[in-house]
Structure formats: structure tokens, C-alpha cells
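> Here is my input; please provide its structure:
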Amino acid sequence: MESGYSKRTLQRYFVSCLCHPPKLSVYPSEKVNLLIDGTYFSRDLCLVLYRDNTVKFTQLYRLTNGEKYEELKEDLENLFSLGVNIESITCDGHRALLKAIRVVCPNITLQRCVIHVQRMCRIWLSSKPKSLAGQELRRIVSKLHLIKTKEELSHWLLGLATWDKTYHEYTHQKTVNPLTGKYWYTHKLLRRSFSVLRTALPHLFEYLDNPRIPKSTNGLESFFGHLKNNLVIHRGLSTTNRKNFLKWYLYFKNEKRKKVFLAIKQEE
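Modelled structure (predicted):
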């Protein structure tokens, strides 16, 4: 083997490493633009990541079985206690996370992930809406990720407001059950899509005022994809060893970034 060690020796070394996972340390930064997102693995394993988008450094992580309010709240409190100076948080809008942010750091700039909002609207509208209202709203939604200036935003908001005014009565149409008298909204998926947009609007375009703020969590999606591809190579690990593998992966990624930081400082 290239390493000069036998397969059995290497296996013993890897097992020993997995039994003693490392701990992450935060990287001091004046203004941290945080990406927060969770990804799921088999056996109800969830990895919640808190990543500094500017320096591509994982400041904190949690291995759990879901994105829970109490845990997210504790993580945010820990970040502040560790001295992480958060300027903004970009997230997908998970209810538990939004609640934790409101409680722990209500004054931090919150940016909703534009791509996630767009994706959710497209799901509710479907790829080929049958109604004219659905078709026009889908066209409006399709331009969401293209907004780069305040002027473009003004045009987009005008289009959305015009749509709301035009189809207000249509989206409020109700279907009544003649037997029970109960009703439901006839175009509930269309209403749901518009509701997603309306709810996200107050925190959807913060990146226009501050170019340091990422407008989506796509950076984490790519990171998660690479991580999962590496984990697939090591199929058959126990749940404990899978968790420890993830810890080592995050640790080595951070160490790689540290070397880049040191090289930059030496050049300066």
C-alpha cells in the first residue's frame, strides 16, 4: 500500500481516530455573516451547521435528531458567549430557528434564503399552473433570484402588488360544503404560495443594503452535498462512528481554512 502500512494497521488507526473525535474552536471575526441550516442523514441523524460565510469557517455545529427550538436557542446563546460577533443570519425560515433568533438576537439582520422561498412557491404553484393567476404569479416568482438592485426590487414589488390587487377576489373565493356549512378556500395552493412570499418579504432583500450578506444558503447546500458523498464511501459505520466521522470532517475542513488564513497573514 502507498502508506507503507497494512490494511489491518490502517483499520486500527481509523477506529482509534473515530473513538476520539476532535473539538472545533471558533474563529474570531469582526463581522460574521452566518449561514444556518440543517441536513438529515439516515437513522434520524440531523446536522445543524453555523457557518461563517465570509471566511467559509464552521463556527459551531450540533448533531441531533431534528431542528428544535430549545437547541437552536442554546446554540445561538453559545455563539455569543464564545465571542462571535454576528452581523447577519441567513436561513431557510424554519419556524423553530426564526423563534430562536427573535428571542436571542432580535436586532441581528435576518435574511431569508431567496432560493428556498422561490422553491417553496414553485412547489405550491406546480410547474404548469392551470389558472391565469397561477401562471402570472409563477412568472413573478421566477424573477425573485435575479433582483440585484433597489430599482429592480421596486419593479418586482410593483408587479407583486398589481397581481394581489388583480386577483384578490379570486384568491379569496370559497367552496362551501352544503351538508356541514363549512368552507375552505377554493385556490388554497395559490393562496399558500402568495402567503409564503408575503411572510418572507420583510427579510427577503437585506442583501441589497449589505453586499456581505449572502442571499441564500446555497453555500451550505454545496457543503452538505460534498460531506454526504464522503460519508457514502464509509457505509456500514455505526451511528456513533458516523457522528464522529462528521466531527472529523468538519474539523479537517476548518483546519484547511486556518492554513489559508495563516498564509494570507504571512504574505501581508
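> Any idea what the most centrally placed residue in the chain is bridged to?
Centroid-nearest residue in the chain: D37, 3.6 Å away (criterion: Cα atoms, centre = their mean). Taking DSSP bridges as the rule, D37 bridges to L49.
> While we're on it, how confident is the model there?
The score at D37 is 96. That number is its pLDDT.
> what's the distance between it and L132?
35 Å (Cβ to Cβ, to the nearest Å). Where C-beta positions appear, they are placed from N, C-alpha and C, glycine not excepted.
> Kindly report the same for S238.
Between S238 and L132 the computed distance is 55 Å (Cβ to Cβ).
> Skip the chain neighbours and tell me the closest residue to H116.
In space, and not counting its chain neighbours, H116 is closest to D92: 4.2 Å by Cβ to Cβ, 6 or more residues apart in numbering.
> buried sites along stretch 74-94?
Buried residues in stretch 74-94, counted by 16 or more other Cβ atoms under 10 Å: 75-76, 78-79, 84, 86-94.
> in the stretch 1-150 of the chain, what spans have low per-residue confidence?
1-14 (pLDDT under 70).
> so where do the helices sit in it?
Under the criterion DSSP state H, counting those that start in this stretch, helices of the stretch 1-150 of the chain are mapped to 7-19, 69-81, 95-104, 114-125, 132-142, 150-166.
> do the stretch 151-268 of the chain as well
Taking DSSP H, counting those that start in this stretch as the criterion, the stretch 151-268 of the chain carries its helices at 168-171, 188-200, 218-233, 239-267.
> Kindly state which of those helices is positioned closest to P211.
Closest of the helices of the stretch 151-268 of the chain to P211 is helix 218-233, at 14.9 Å (criterion: Cβ to Cβ).
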